[in-house]
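Enquirer: below are the sequence and a predicted model; questions follow.
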Amino acid sequence: MSEARVFFNFAVTADSHRLPAYRDRRGYGALEKALREMAPAAVEAEVKASGLRGRGGAGFPTGMKWSFVDRKSPVVYLCCNADEGEPGTFKDRWIFENASHQLIEGVLLASYALGVRHAFIYLRGEFDLPYRRLCEALAEARGAGLVGERILGSSFSCDIIAHRGAGAYVCGEESSLLTSLEGFKGYPRNKPPFPAVKGLYQAPTVINNVETLATIPWIIARGGTAYASIGAEKNSGTRLFGISGHVNKPGLYERPTGYPLKRIIFDDAGGVRGGKGLKAVIPGGSSTPVLTAAEIDGITLDAESVQAAGSMLGSGGIIVVAEGTCMVRLLRVLTRFYAHESCGQCTPCREGSAWMDEIVGRICAGKGEEGDLERLEGITRGIMGNTVCALGDAASMPVASFIQKFRDEFAYFIKYGRSMHAGRLEV
Amino acid sequence: MIELKIDNQTVEANEGETVLQAALRSGIEIPHFCYHPCLSVAGNCRICLVKVDGRPKLVPSCNLPVAPGMTVETDTEDVRAARRAVMQFITLNHPGDCGICDKAGECRLQDYHVRYGEEESHSREPKHHRPKFSDLSPRIVLDNERCLLCSRCVRFTREVSGSHQLGIVERGSHARVERLEGRPFDDPYSDNVIGLCPTGALLSRDFLYKSRVWYLEPVRSVCTGCARCCSVNVWRRQREWHVRALGAELNRAAYRVTPFENPAINGPWLCNKGFDLHRRMARKRALTPLIGGREATAEEAVQEAKRLFAAAGNPAVLAFAPASNEELAAFRDGLGRRVQVYTREDYHTEPGEVAEDDFLIRGDKNPASYSIRALFGNRPYAPAARHDLVVIWGERVDYHALGGAKLIHLASFEPAGETAADLLIPVSTTFERSGTFTNFEGKVNRFEKVFDKPAQVLHAGDLFGRLVP
Ligand SMILES: Cc1cc2nc3c(=O)[nH]c(=O)nc-3n(C[C@H](O)[C@H](O)[C@H](O)COP(=O)(O)O)c2cc1C
Ligand code: SF4
Ligand code: SF4
Ligand code: SF4
Ligand code: FES
């Protein structure tokens, strides 16, 4: 079933995102089916059977995440994580712009399964068209009795609240998303307690990514086993891969998991621009460790394969780097980003991310010193695993992997005060 | 009770406790900056990381609930490495200006740097500069360069005093402590953040550069600011550091007042009036006895008082003063039996002062009210009784309201304006004796002598016995 498509199964037209078009595609059929024929537990069982794993980055099995929620709690919340801040990632945006109804249906199904009366969608502040499309779709859905009280005449009621963030990458981290939603500064929380126990407003809360939730209508319509039969064994289904960087056809591609990485780069995305050789790939959003061209041989797009190669599939944002790119200056782009985005709450990330950026910046300014690489590695060791949230790790992994894999390039820059790849990269 | 193992030591802990709390109670030291027993867990400093058997990563012990059979190690090589790293990070942009910092000597950052840090910084970058010595309030100086962003001060204003006047603004390494935009930091409990701060980022303006703390020592005392009777520490110069050349008055100075932790009465907190206790005590003292306005010795004053009593037909005592329970007992058993006793409240809410709140501050600003009422009831002075001798034991009396009687005033502080008393006898302050107060809830609180009394000053408690013929 390599042809299976959960998202790219219609032609995008001027109004393909509207409710009538979605209905023509059998939209909200899964919701009707669930409300008529399925108990909430049956919906959850299908999601478990599907083997769906979270698309937000960590790849946690969705059914299992749901099972941690205390069903005896009078209030349970669902938060859809639409902060999409990881550089290289632009899949959720497509879903909002073209298939908001599919996400709404997914949110409703998850809410039904979890006993949620109020669900929240937290969008990154920079999302403009996506936000307008979502609001439009929500209005349509409310008008059609699909959101709100007694949905489709059943006893199930659920409201969906769209909330825009104020522009902080860290608010994509699930616990700071909750803090931000509550109206506070977006600080991640220490765990325990986990959100499934004490989340939004102290109530048990499930946080799922946009793509994760938008996949659920397909699973309910066609069955968990059907979904599980797509793609790789431990990583079923399709995923939206965003390819950016030095490729001829950057963009969003839906492919089954287990799809060869090289094929998506060279066949689908048309290979490296300007006929250059491939130098490196960042496989799952900017925080995942970089892989060299040699390392991507044989990698397939599923969590296990990418992990075996020493990186992570993360959010599915593949960044392709052409031969001739200066890895030192590329790293600077990343260190600057993470230093800028650290929330500043915990010591190692707050100080370490800024310190790493200063050192890499100094190297880029031709003022690198002997010992800088060891210093940087020491900083990454001091941060990794020692912080409140995973942003600390996200800031450290690029630094550690870039230095490990392109050490000679860094050493050259430090020794000669200039890049091994001087001049502008023409691709 | 839950049993767990910390560093091969079996530790008993209560359900709901954290590993850090259990360890500290069992005498196992785990460093901590942001954790404070009276504040919520912030878990942001990361110095308290420990190793837990079966967990791949180090865990902050301040946010780690105890579990039966848990095995924790606080001194493995990876724990030490993580602490070294955290100390490197904290000191990365710390100015290292301990030499000119009042906190030096009682600074947690300094202590941990020596114990858990490394000698040298790994950094080659110039230090980031921050606002230094800004006025957080007229009482407190803020040095953002020294701040390690533990958020203790912020949590204090949110969780303890409730003023919400402090916050951390900006993100990442730009984060800094600030007061609420456009608002003064006028929290009546603000000075508590000075002691809460684990480093020299928040300093008392009053104490600024008055002394290095290692020359000082605390003496347990009681705040006389209201009927709560909070426990305080009064800081005086240590005997071996008494100065000769600088002026002997420094040896008798109360340098600062800080809370003395007393769970029954004030916990670890004080209101700002308590922090100002030494300033109230530094008001102009009554030091010399005056007989009809003429200076005299203490002995002459006692003889004069005896004479006045012998001559009086209808004497009365107007009792108040921050009189300790012991003095009140001495008074009751001595003079008190032979005179009419009236009670009064010397102190009332001053303009700008918080009258009363639901935390510490009491509306009754007199520390001895409880005991005075218990012994003598509530008996305001009655001019109709036509007393021919009135002994005023306290402060702020309107002499004229006492109508024509001969007046003996037992005062610790110089009375405002012209002394109309026929006899003024200086008596000691609470800093010059030990004793107890009973607060408004009936809780007894002890204070110790900080300084010897001046030569011509008497203890009121000694005096009463001598006046009885
Ligand atoms: C710094 C940081 C940023 C994150 N940003 C996002 C994000 O923008 N969108 C997202 O879905 N998950 C993001 N995550 C992951 C979330 O914490 C969380 O794992 C995810 O939303 C769970 O959804 P899932 O189970 O459906 O994947 C981020 C995590 C970290 C540490
Ligand atoms: S790791 Fe970074 S982003 Fe996460 S809580 Fe700590 S300082 Fe904030
Ligand atoms: S000023 Fe002191 S108490 Fe407040 S955050 Fe900084 S270090 Fe902590
Ligand atoms: S509450 Fe009352 S006793 Fe306590 S410090 Fe303040 S004034 Fe003194
Ligand atoms: S004391 Fe535990 S993180 Fe600060």
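Expert: Looks like it arrived, so ask away. Ligands and ions are numbered 1, 2, ... in the order given.
Enquirer: what about the chain, any weak spots by pLDDT?
Expert: Let's take chain A. A:1-2, A:423, A:426-427 (pLDDT under 70).
Enquirer: chain B was what I was after
Expert: Using pLDDT under 70, chain B drops low at B:419, B:469.
Enquirer: so A:Gln297 touches A:Arg263, yeah?
Expert: To be clear, residue A:297 is Asp; Gln isn't right here. No: assessed by Cβ atoms under 8 Å, A:Asp297 is found out of contact with A:Arg263, at 12.0 Å. All C-beta atoms are positioned from the backbone trio N, CA, C, and that covers glycine.
Enquirer: any shared contact partners between these two?
Expert: With contacts defined as Cβ atoms under 8 Å, 6 or more residues apart in numbering or on different chains, no residue is shared by A:Asp297 and A:Arg263.
Enquirer: hey, where'd the helices end up in the stretch 101-250 of chain A?
Expert: A:129-143, A:174-181, A:210-222, A:224-228 (DSSP state H, counting those that start in this stretch).
Enquirer: out of those, nearest to A:Gly54?
Expert: Smallest distance to A:Gly54 across the helices of the stretch 101-250 of chain A (Cβ to Cβ): 5.1 Å, for helix A:210-222.
Enquirer: now for the closest one, which elements pack on it?
Expert: Here helix A:210-222 touches helix A:29-37, helix A:40-50, strand A:77-82, helix A:91-114, helix A:224-228, going by 3 or more Cβ pairs under 8 Å, 6 or more residues apart in numbering or on different chains; DSSP states H and E.
Enquirer: what about the fourth one, distance to the chain center?
Expert: From the chain centre to the centre of helix A:91-114 is a distance of 15 Å (Cα atoms, centre = their mean, to the nearest Å).
Enquirer: quick one: that helix near ligand 1?
Expert: No: if you take Cβ under 6 Å from any ligand atom as the test, helix A:91-114 misses ligand 1, and the best it gets is 7.0 Å.
Enquirer: as TSV, the helices and strands packed on helix A:210-222 with distance to B:Gln340 and mean neighbour count would be great.
Expert: Shown next, in TSV, are those (distance: least, Cβ to Cβ, whole Å; neighbours: other Cβ atoms under 10 Å in any protein chain shown):
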stretch	distance to B:Gln340	mean neighbour count
helix A:29-37	87	18
helix A:40-50	82	20
strand A:77-82	71	27
helix A:91-114	78	25
helix A:224-228	93	19
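Enquirer: out of those, nearest to ligand 5?
Expert: strand A:77-82 (25.9 Å; Cβ to the nearest ligand atom).
Enquirer: neighbouring strands of the closest one in the sheet, and parallel or not?
Expert: strand A:118-123 (parallel), strand A:205-209 (parallel) (DSSP bridges).
Enquirer: what angle do the first one and helix A:210-222 make?
Expert: Angular relation of strand A:118-123 and helix A:210-222 on a 0 to 180 degree scale: 130 degrees, by axes from the mean of the first three to the mean of the last three Cα atoms, to 10 degrees.
Enquirer: do the same with the shortest one
Expert: Taking the same axes, to 10 degrees, one finds strand A:205-209 and helix A:210-222 inclined to each other by 90 degrees.
Enquirer: do I have it right that A:Ala411 meets A:Asp372?
Expert: No: counting by Cβ under 8 Å, A:Ala411 does not reach A:Asp372; the two are 9.6 Å apart.
Enquirer: now B:Lys103. Nearest residue, chain neighbours left out?
Expert: B:Gly200 (3.2 Å; Cβ to Cβ, 6 or more residues apart in numbering or on different chains).
Enquirer: mind putting the helices of the stretch 101-250 of chain A in a markdown table, distance to A:Leu35 included?
Expert: Formatted as a markdown table, those follow (distance: least, Cβ to Cβ, whole Å):
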| stretch | distance to A:Leu35 |
| --- | --- |
| helix A:129-143 | 14 |
| helix A:174-181 | 27 |
| helix A:210-222 | 11 |
| helix A:224-228 | 18 |
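Enquirer: pick the most buried one from the ones you listed.
Expert: helix A:210-222 (a mean of 27; mean count of other Cβ atoms under 10 Å in any protein chain shown).
Enquirer: how far off centre is that one?
Expert: 16 Å.
Enquirer: going toward the C-terminus from the helix or strand containing A:Ser401, what's the next helix or strand?
Expert: Secondary structure from DSSP states H and E places A:Ser401 in helix A:391-405. Tracing the chain past helix A:391-405, the next element assigned as helix or strand by DSSP H and E is helix A:407-416.
Enquirer: sorry, back to before: elements contacting the helix holding A:Ser401?
Expert: Against helix A:391-405 (3+ Cβ pairs under 8 Å, 6+ apart) you get helix A:327-341, helix A:347-364, helix A:372-383.
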